[in-house]
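**Q** Show me how the following folds:
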Amino acid sequence: MRKVLLLLCLLMLSNTVLAGMEEGFDAWNREDYDTAFKELFPIAQHGDSSAQLLVGNMYANGLGVGKNVSEAWKWYMKSAQQGNPTGQYSIGLNTDINLYPEEAKTWLEKSAKQGYSPAQYELGMRYLKGRGVLVNHVLATQWLRKSAMQDADQAQYNLGVCYAKGMGVPLDFVEAYAWFRLALENDYVAAKRTLVMAEAELTVEQKKEAEKRYQTLRSMISQRK
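**A** Purely as a prediction, here's the structure:
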């Protein structure tokens, strides 16, 4: 009998938590941050990583609660430690690379390996520029490609730059053109100039090949969505 009562209590608690989460997320989406914080904070305390992430965001930006960087960090970390890729990204992005470069890289890698596109892009750019890590163009292009294949415009643009300059990949204006075209299609304005520059390097036949490559990549990306 005790086990049955315990199970019923747990089910009631679970339904209450679910209702609170739904109301909290709805309030977040309609920018009613006072209600969002009120509903999500107790759920975050119960260990839900998505609620912890949003509570951290609200503390970080002073939404529905007073701005408190220390509290934001605490809740981001709780979310990250439970494997939430956005929480891991937040910790990696905001860790001081001058003091804790390895820790920053580790958290970004955890997030990126779960397929979180912003983390893949950030990791790629850090390897490209040597921010908190040793410059490694091969690793840079590998991470940028993963993000670019998720239709991230900045990743597509910077991967195009790598092909246009032969950084981490063979010099290839056909490939560069295709990635610049994708970035421009996603309204990344800087790609307009680089697309023209890449096109100027192509023969008539190479331009046809580049257009075909662009179409292939566009199809591959669409199928992944």
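**Q** how about Leu63, phi and psi?
**A** Note on Leu63: backbone dihedrals following degrees, to the nearest 10 are phi -110, psi 110.
**Q** So which residue is dead centre in this protein?
**A** Note on the chain: the residue nearest the mean C-alpha position is Pro118, at 2.3 Å, using C-alpha atoms, centre = their mean.
**Q** Is it in contact with Ser90, as I believe?
**A** No: applying C-beta atoms under 8 Å as the test, Pro118 and Ser90 come out as separate, 9.7 Å apart. (Each C-beta comes from the backbone N, C-alpha and C, glycine too.)
**Q** Now the residue nearest to the centre of the chain. Nearest residue, chain neighbours left out?
**A** Once flanking residues are discounted, Pro118 sits nearest to Tyr89: 5.8 Å by C-beta to C-beta, 6 or more residues apart in numbering.
**Q** follow-up on the earlier one: CA atoms only: put the host helix or strand of the residue nearest to the centre of the chain into CSV for me.
**A** With secondary structure defined by DSSP states H and E, Pro118 is part of helix 117-129. Backbone C-alpha positions of helix 117-129 (Å, rounded to 0.1, in the frame of the first residue of the first chain) are rendered in CSV as follows:
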residue,chain,number,x,y,z
SER,A,117,26.0,24.1,-34.0
PRO,A,118,27.0,27.3,-32.1
ALA,A,119,29.6,25.3,-30.1
GLN,A,120,31.0,23.7,-33.3
TYR,A,121,31.3,27.1,-34.9
GLU,A,122,33.0,28.7,-31.8
LEU,A,123,35.4,25.8,-31.5
GLY,A,124,36.2,26.0,-35.2
MET,A,125,37.0,29.7,-35.0
ARG,A,126,39.1,29.3,-31.9
TYR,A,127,41.3,26.8,-33.7
LEU,A,128,41.3,29.1,-36.8
LYS,A,129,42.4,32.1,-34.8
